[in-house]
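**Student:** My questions concern the predicted model and sequence given below.
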Amino acid sequence: MAQYVLEILDGDRAGEVLPVPDGALRIGRKPSNDLVLADEKTSGVHAEVVLEGDRHVLRDLGSTNGTFLDGKRVTEVVLTTGDVVTVGRLRVKFREQGDATGGETDFAMHRLDARRVQKRGGALPVLIGLLVLGGAGAGGWFWWNNQQQQQAGSGEPTVQQQKAALVVAGNKLPQAVASCEAEDGWKLAEHGLAFQTGSRAHTGKAGLEAVRVEGEQADFGIATPAESLTVFSGRSLTIAAHVRTDGSARAGVRALFSNSNESSPLRFRTGSALVEARGEWQRLEFTVGVPSGCDRLDVEVVALLPDNDAVAYVDDVAVTEAGSAAPLDQKFDEGPQQALGTGTAFALQSTDVTLFGIAPGTVPPAFAGLHGADLCVLSDLGGELAVTPGPRSVTLAATGVNDLQFQFPADSAGQTLARAGADGPFEPVSAAGEQSATALLLGITNTTRVLLRTDAAVPFVGQLGGGLYRVRVGAANVELVVSFFSEGQRALELRREAEAADADHRHGEALALLERLQREVPEDSEVLAQAARLRAQIAARLDDQLAELQREFDEAQFFDTRGGFERVARGVDRLTELYGEATLATRPLASQLHEGASTRLAALDAERQKAEEQRLDELAAAFKAAEQPGLAKLVEDYKQRRGEN
């Protein structure tokens with residue numbers, strides 16, 4: 001392979017030559033650069049020349065004043081021998097080592113690289129050819145340069161911009177796929193509207209483009225290579241693509257990691273921000289670690305097209321094993337849960353899936369379609385996620401978003417409790433709905449149990465659908481507690497105290513202890529389930545006893561016996577003493593039986609008193625008829641005393 005150099009053409013160092021290495025050569029004002037240019041218009045780290053495959057690529061590194069090739073500002077371009085690059089106010093020439101021709105006064109036309117020329121039709125190519133073949137000299141060169149500037153001003157690609165398809169060394173994608181020049185090898189309508197191949201390209205002759213046609217309902221599109229890539233857990237990958245947009249379009253590139261075993265439900269989706277790159281190609285790149293348990297990668301190119309004037313272009317996609325990014329793989333000191341993640345993707349797993357992932361809670365209108373399809377991720381909005389694991393919890397701190405949506409398995413909504421204040425009680429809440437709380441507890445087993453906790457009361461909004469239980473939390477910082485050892489121990493103590501009270505016939509006290517367990521320490525689902533069973537047993541016994549009293553009441557009514565009604569009334573009083581007034585108040589039958597028995601007893605007492613008074617009247621009348629006034633008065637006085645009492 002030919003050896004290349006950079007020759008400085010301007011300034012005090014004009015004529016100096018620096019060999020171009022096989023790796024990267026940095027250019028800038030700072031002493032740490034490989035080529036140091038002492039020019040105030042040159043940025044500290046201005047640009048770099050990188051060997052990619054068999055070609056050298058010039059890449060601007062976000063400089064203030066830009067990098068120019070043949071008078072055209074560039075962000076990235078494949079260099080050809082003889083190219084003169086302007087960095088700040090100084091020019092640098094890229095040439096083969098040993099080729100010393102050229103310079104500021106050299107007007108000889110360099111041989112045009114056919115791979116950089118776009119066929120435009122008309123008289124222009126003919127005239128260009130005449131100028132090149134005829135060696136038209138300085139006048140021809142100035143005419144040609146003027147044509148290039150006019151094309152650049154119109155937004156059309158110039159001859160210098162037309163490069164052979166970029167070849168990236170170590171690219172895991174086949175070149176035919178990476179170059180985006182044909183539809184073969186791509187699934188162009190993986191989600192939403194379809195991509196297609198078009199003539200606008202970063203390099204080569206074609207690229208992918210997404211256009212929203214009239215009547216199209218979807219406002220986003222996702223395309224992916226037809227074949228997944230095999231990857232290895234723990235390794236770092238750098239994923240890049242070039243994007244360009246028109247109108248209000250946005251575009252980006254993402255990684256979707258999964259396991260080739262389809263029974264594994266976890267998916268990790270993260271990537272670059274979806275950006276507006278109007279009128280100029282922009283290189284997007286991110287480095288990510290392959291999550292534990294994943295062996296498959298699907299690259300996704302994403303376009304947002306809010307209106308019919310929006311168009312997104314994607315070209316030169318690359319996946320290389322490069323960079324350094326460690327995935328998250330955290331086991332907790334207590335419990336079987338495991339925190340997994342990479343980039344802005346996060347999940348919790350145990351023997352079951354505890355948490356599938358997180359997404360932005362609310363999004364700008366342009367992202368609404370993607371979000372509604374459960375395909376929007378934090379990185380789409382330029383968000384970042386800091387994950388801080390602890391012994392029994394993990395704290396998530398997101399930037400770039402105001403709230404978060406957590407996606408749980410649907411059965412996690414089966415037992416949902418909320419705590420309004422930091423030290424308040426847990427109360428049952430509807431899974432689908434909104435409540436202001438500092439904590440939300442959900443999950444049906446200890447392997448799916450999780451507590452979402454915030455520093456202050458915020459809205460928690462639950463939604464069921466599509467096999468998921470989505471919880472939107474009105475905060476960007478949320479702690480997920482997954483292990484509840486100390487709470488489980490306290491709950492176990494309360495349950496045992498309740499069992500002892502129940503065995504000692506202090507059923508009301510037992511129920512109060514069980515209610516306290518649920519209100520204060522319900523985190524351990526097993527103990528909570530045991531407490532629920534004990535509560536159900538106590539309640540069943542109470543209901544059985546009330547049913548027995550109902551039968552006695554029915555018999556007492558049939559025979560109209562005072563003793564039967566007395567047993568029913570005493571029985572209800574005894575249940576109130578054992579189970580407590582609050583518990584009996586929840587049983588309408590108890591009050592009905594007590595009221596019915598008491599009413600009938602009062603009626604029987606009234607009937608008996610009336611019969612007694614009638615008997616005394618008859619006795620007094622008999623004494624009077626027998627001319628025994630003293631005895632008659634004695635009976636009347638007795639009747640009067642009974643009435644007073």
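**Tutor:** That came in fine, so what should we check first?

**Student:** Quick one: residues contacting residue 502.
**Tutor:** 510, 534, 537-538 (C-beta atoms under 8 Å, 6 or more residues apart in numbering). (Glycine included, C-beta is placed from N, CA and C.)

**Student:** from those residues, which ones fall inside helices?
**Tutor:** 510, 534, 537-538 (DSSP state H).

**Student:** Can you report how many residues neighbour residue 51?
**Tutor:** 17 (other C-beta atoms under 10 Å).

**Student:** Hmm, I typed the wrong one, I wanted residue 496.
**Tutor:** The burial count for residue 496: 13, using other C-beta under 10 Å.

**Student:** Residue 508 too?
**Tutor:** By the measure other C-beta under 10 Å, the count of residues near residue 508 is 22.

**Student:** ok, now residue 520?
**Tutor:** Residue 520 has 17 neighbours, counted by other C-beta under 10 Å.

**Student:** With adjacent residues omitted, what lies nearest to it?
**Tutor:** Taking C-beta to C-beta, 6 or more residues apart in numbering, and ignoring the residues beside it in sequence, residue 520 has residue 425 as its nearest neighbour in space, at 6.5 Å.

**Student:** in the chain, which spans are helices?
**Tutor:** Using DSSP H, the helices found in the chain span residues 124-134, 137-154, 175-178, 368-372, 485-503, 507-520, 525-559, 562-579, 581-585, 588-625, 629-644.

**Student:** Contacts only, for the residue nearest to residue 520.
**Tutor:** Under the criterion of C-beta under 8 Å, 6+ apart, the contact partners of residue 425 comprise 419, 519-520.

**Student:** Next: residue 281.
**Tutor:** With contact taken as C-beta under 8 Å, 6+ apart, residue 281 is in contact with 75-76, 202, 242-244, 315.

**Student:** ok, back up a step: for the contacts of residue 425, which one is nearest residue 593?
**Tutor:** Of all those, residue 519 has the smallest distance to residue 593: 30.3 Å, by C-beta to C-beta.

**Student:** residue contacts, that closest one?
**Tutor:** If you count contacts by C-beta under 8 Å, 6+ apart, then residue 519 has 425-427 around it.

**Student:** pLDDT and distance to residue 406 added to these, as CSV?
**Tutor:** As requested, those are arranged in CSV below (pLDDT from 0 to 100; distance: C-beta to C-beta, whole Å):
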residue, pLDDT, distance to residue 406
425, 93, 23
426, 94, 19
427, 93, 20
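
**Student:** any idea which of the contacts of residue 425 is closest to residue 412?
**Tutor:** residue 419 (17.1 Å).

**Student:** Spatially nearest residue to that closest one, not counting backbone neighbours?
**Tutor:** Counting by C-beta to C-beta, 6+ apart, the nearest residue to residue 419 once its immediate chain neighbours are dropped is residue 439, at 4.3 Å.

**Student:** Any idea what the one you found is bridged to?
**Tutor:** Residue 439 has the following beta-bridge partners by DSSP bridges: residue 419, residue 453.

**Student:** Quick check: it touching residue 416?
**Tutor:** No: using C-beta atoms under 8 Å, residue 439 and residue 416 do not qualify as a contacting pair, with a distance of 11.4 Å.

**Student:** partners of the closest residue to residue 346 other than its chain neighbours in the sheet?
**Tutor:** Distances taken as C-beta to C-beta, 6+ apart place residue 358 nearest to residue 346, at 5.5 Å, with adjacent residues excluded. Taking DSSP bridges, one obtains residue 406 as the residues bridged to residue 358.

**Student:** Report the beta-bridge partners for residue 385.
**Tutor:** Counting by DSSP bridges, residue 385 is bridged to residue 398.

**Student:** ok so, going back, contacting residues around the residue nearest to residue 419?
**Tutor:** Contacts of residue 439 were listed using C-beta under 8 Å, 6+ apart, and they are 418-419, 426, 451-454.

**Student:** among those residues, which ones are buried?
**Tutor:** With neighbours counted by 16 or more other C-beta atoms under 10 Å, those contain buried members at 418-419, 426, 451-454.

**Student:** Those residues: which two are farthest apart?
**Tutor:** Largest separation among those by C-beta to C-beta: 426 and 454, giving 15.1 Å.

**Student:** my read: residue 196 touches residue 183, true?
**Tutor:** Yes: Residue 196 is within contact range of residue 183, at 7.3 Å (criterion: C-beta under 8 Å).

**Student:** before we move on, back to that, and which of the contacts of residue 439 is nearest residue 302?
**Tutor:** residue 452 (28.5 Å).

**Student:** That closest one reaches residue 473, doesn't it?
**Tutor:** Yes: taking C-beta under 8 Å as the contact criterion, residue 452 and residue 473 are neighbours in contact, 6.1 Å apart.

**Student:** intersection of neighbour lists for these two?
**Tutor:** Contact with both residue 452 and residue 473 is made by residues 406, 440, 460, according to C-beta under 8 Å, 6+ apart.

**Student:** residues touching the first one, list them.
**Tutor:** Read that as residue 406. Residues counted as contacts of residue 406 (C-beta under 8 Å, 6+ apart) are 355, 358, 452, 470-473, 478.

**Student:** sorry, back to before: reformat the shared contacts of residue 452 and residue 473 as a markdown table; add distance to residue 257 and pLDDT.
**Tutor:** Putting the shared contacts of residue 452 and residue 473 into a markdown table (distance: C-beta to C-beta, whole Å; pLDDT from 0 to 100) gives the following:
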| residue | distance to residue 257 | pLDDT |
| --- | --- | --- |
| 406 | 19 | 97 |
| 440 | 28 | 96 |
| 460 | 29 | 97 |
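
**Student:** export these to CSV and tack on distance to residue 399?
**Tutor:** Formatted as CSV, the entries for those read as follows, by distance: C-beta to C-beta, whole Å:
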residue, distance to residue 399
406, 17
440, 23
460, 21
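
**Student:** And the strands in the stretch 251-400 of the chain, which stretches?
**Tutor:** Per DSSP state E, counting those that start in this stretch, the stretch 251-400 of the chain carries strands over the ranges 268-271, 282-289, 296-304, 311-320, 328-331, 338-342, 345-349, 353-355, 357-360, 384-389, 393-399.

**Student:** what's the distance between the residue nearest in space to the middle of the chain and residue 385?
**Tutor:** Centroid-nearest residue in the chain, with C-alpha atoms, centre = their mean: residue 358, separated by 1.6 Å. Residue 358 sits 8 Å away from residue 385 when distances are taken as C-beta to C-beta, to the nearest Å.

**Student:** Overlap of the contact sets of the two?
**Tutor:** 346, 378, 396, 398.

**Student:** if we can go back for a sec, I'd guessed the residue nearest to residue 346 sits against residue 403; true?
**Tutor:** No: using C-beta under 8 Å as the test, residue 358 is too far from residue 403 to be in contact (10.6 Å).

**Student:** circling back to that earlier point, could you check how far the residue nearest to the centre of the chain is from residue 13?
**Tutor:** Following C-beta to C-beta, the distance that separates residue 358 from residue 13 is 53 Å.

**Student:** quick one on the thing from earlier: spatially, which two of the ones in helices among the contacts of residue 502 are the most separated?
**Tutor:** Every pair in the ones in helices among the contacts of residue 502 was compared (C-beta to C-beta); the two farthest apart turn out to be 510 and 537, at 9.8 Å.

**Student:** Give me the more crowded residue out of these two.
**Tutor:** Of the pair residue 510 and residue 537, residue 510 is the one with more neighbours under other C-beta under 10 Å, namely 26 against 13.

**Student:** quick one: contacts for that one?
**Tutor:** Under the criterion of C-beta under 8 Å, 6+ apart, the contact partners of residue 510 comprise 498-499, 501-502, 534, 538.

**Student:** neighbour-wise, which of those leads?
**Tutor:** When neighbours are taken as other C-beta under 10 Å, the top entry among the contacts of residue 510 is residue 498 (26 neighbours).
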